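Enquirer: Here you go, sequence then predicted model.
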Amino acid sequence: MFPDSRRDDINRILFIPLYLLIYVKKMVKKSITEKPKINQSKGKFNDLQDIANLLRRDVLKMTTDAGSGHPTSCLSCAEIISVLFFNQMHYEPKNPKNPDNDEFILSKGHAAPILYAALKRVGALNEPLDGYRKLSSHLEGHPVPSPFEPSIKVASGSLGQGLSIGLGMALAMKMQSRKSRVYVLLGDSEVAEGSIYEAAELADHYNAGNLCAILDMNRLGQRGETMLGYFSSKKS
């Protein structure tokens, strides 16, 4: 049994996924009918929902052509990716090494196709999307840093590591007095891993207000439904 003080800390952290889900739902609902504030879309799309659906189409084509991949994990986060890349984040697509860029980490790395699709649509990806999972392409099944694709900075094939990496980036930004932010997209199955909660505790300890963890609660894990499904509030 944990002492009362420790139990309070754990209970507070267990509420994080629910709060993140509510935040993302509000952010998506608020932004879904707005035109992007930055000109990544170049006026080709009426709103963020159109962009989300376009990314879904890209994902289905990529995974169908490859005959493998994780399309459902991509489809569930399409609106989140649309809002982040075409509305929320501030970055230069053609200059990924700009220290003032916001950074994005796809902690649930198996959803790589939708990351590739978003990067391609904003002009930050060099490879054609139809090369996904082919030996001649650098678009692997999970994001892997490569000198050929400098916009991909974090390897996330191993689940549960993204928030720790994002925290390191966020703390470095604070130490360098940069105003950029780090956005980490988590899957609801990987948040059962202890490394996620350790990173959350450390982020709170260091007051990493420039780190934004977003939970894609689609209730699905590798072998079926997650323990809490859609009803995390009943267990928090």
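Expert: Sure, I can see it.
Enquirer: middle-most residue in this protein, spatially?
Expert: By C-alpha atoms, centre = their mean, the chain has its centre lying nearest to residue 185, at 2.6 Å.
Enquirer: The helix or strand harbouring that one pairs with which strands, and in what direction?
Expert: Take DSSP states H and E as the rule and residue 185 turns out to sit in strand 182-187. Next to strand 182-187 in the sheet, as set by DSSP bridges, lie strand 103-106 (parallel), strand 211-216 (parallel).
Enquirer: Show me what counts as buried in the longest one.
Expert: The reference is to strand 211-216. When burial is assessed from 16 or more other C-beta atoms under 10 Å, strand 211-216 yields the following buried residues: 211-216. Any C-beta I mention is one placed from the backbone N, CA and C, and that applies to glycine too.
Enquirer: This protein: helices as residue ranges?
Expert: If DSSP state H is used as the criterion, the helices of the chain fall at 4-14, 16-31, 48-66, 71-75, 78-83, 112-121, 162-175, 194-205.
Enquirer: Which one of those helices lies nearest to residue 224?
Expert: Comparing the helices of the chain against residue 224 with C-beta to C-beta, the closest turns out to be helix 71-75 (12.5 Å).
Enquirer: Which positions within the closest one qualify as buried?
Expert: Residues of helix 71-75 classed as buried under the neighbour-count rule (16+ other C-beta under 10 Å) are 71, 73-75.
Enquirer: ok, now stretch 197-212?
Expert: 197, 199-200, 203, 208, 210-212.
Enquirer: ok, which pair from the residues you listed is furthest apart?
Expert: Taking C-beta to C-beta as the measure, these reach their widest spread between 197 and 210, a distance of 19.9 Å.
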